[in-house]
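Trainee: Provided below for reference: sequence and predicted model.
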Amino acid sequence: MDWQGQKHSEFLMQILLVVFAVVAFAVGYAIESFQMMILIYASGVLLTALITVPNWPFFNRHPLKWLDPSEADRHPKPQATTAASKKKASKQK
Amino acid sequence: MHSFGYRANAVVTFAVTILAVMCSLASLSDNFNVPTPTADVKVLNINWFQKQPNGNDEVSLTLNASADLSSMFTWNTKQVFVFVAAEYETPQNALNQVSLWDGIIPSKEHAKFWIHTTNKYRFIDQGSNLRGKDFNLTLHWHVMPKTGKMFADKIVMTGYHLPEEYR
């Protein structure tokens, strides 16, 4: 997934679960069946998991632009300053 | 970047939290139900009335209990536990409650019932105080929910009397 896709996935997950919960409770209360409420909600949870958890292509419509390897070679990584060299620098001052 | 495992965990955790909210709402909805039960218990016969060797009085009764408890069933009711108790006063105990019969009503269809039976549990006094005793019979019920709070209440029926002498 990309960052936009991740945001969409999380938002979809929350909305879908809340909507299914509201529908499940309303239907269950109306027809006086606790079991129906649980069934509707459980199928809602499974559907939500199916939509939001796997790495579907529609979550990757703004793919990240990673640095090309040949470009990276032309710009070497800066040296990390070690503890020894830091001490030397302060002593010299 | 959120991984597959992170997203899976998020769905499950959020789903279970919402389920907890739905269950508490379901339990709260039970408060909107106002039960209107009716009950009647008759003592058809005192089968025998003896003093046991340990000094305690014991009675055997035949009861006919009829009740309509269908109004206390809601969508969130698992079963209703009902019992009949004899209540009376003695010099040593301000209140004695002896359970004579109990049963479980599994659904609304079974809630309008009558039973004709001898007492399921023994009616034994702590002592020898039952001769000529006036007592109440109370029908208690516990509405056991599928989720959440249990409601309990009772109907008190007065005017029952035990014989003056053993038989």
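Mentor: The structure has been received and is ready for your questions. Bear in mind that the values here come from a model prediction, so they are computed numbers and not experimental data. Numbering: from 1, shown residues only, chains lettered A, B, ... in the order given.

Trainee: how near is residue B:88 to residue B:81?
Mentor: Using CB to CB, to the nearest Å, residue B:88 is found at 23 Å from residue B:81. No exception for glycine: its C-beta is placed from N, CA and C like everyone else's.

Trainee: got it, and residue A:75?
Mentor: Distance, residue A:75 to residue B:81, by CB to CB: 77 Å.

Trainee: what does chain A have sitting close to chain B?
Mentor: A:1, A:3, A:6, A:9-10, A:13-14, A:17-18, A:21, A:24-25, A:28-29, A:32-34, A:37, A:41, A:45, A:48-49, A:52-55 (CB under 8 Å from any CB of the partner chain).

Trainee: of those, which belong to helices?
Mentor: Counting by DSSP state H, these place A:3, A:6, A:9-10, A:13-14, A:17-18, A:21, A:24-25, A:28-29, A:34, A:37, A:41, A:45, A:48-49, A:52 in helices.

Trainee: can you list the domains in chain B?
Mentor: B:1-31, B:33-161 (automatic domain parsing).

Trainee: ok now the longest one, how far from the chain's centre?
Mentor: A distance of 7 Å separates the centroid of the chain from that of domain B:33-161, by CA atoms, centre = their mean, to the nearest Å.

Trainee: returning to that earlier point: report the buried members of the ones in helices among the residues of chain A next to chain B.
Mentor: A:6, A:9-10, A:13-14, A:17, A:21, A:24-25, A:28-29, A:34, A:37, A:41, A:45, A:48-49, A:52 (16 or more other CB atoms under 10 Å in any protein chain shown).

Trainee: in chain B, which residue sits nearest chain A?
Mentor: Using CB to the nearest CB, residue B:75 is the residue of chain B that sits closest to chain A, at 4.1 Å.

Trainee: which ones are touching whatever residue of chain A ends up closest to chain B?
Mentor: In chain A, the residue that lies nearest chain B is residue A:32 (4.1 Å; CB to the nearest CB). With contacts defined as CB atoms under 8 Å, 6 or more residues apart in numbering or on different chains, residue A:32 is in contact with B:74, B:75.
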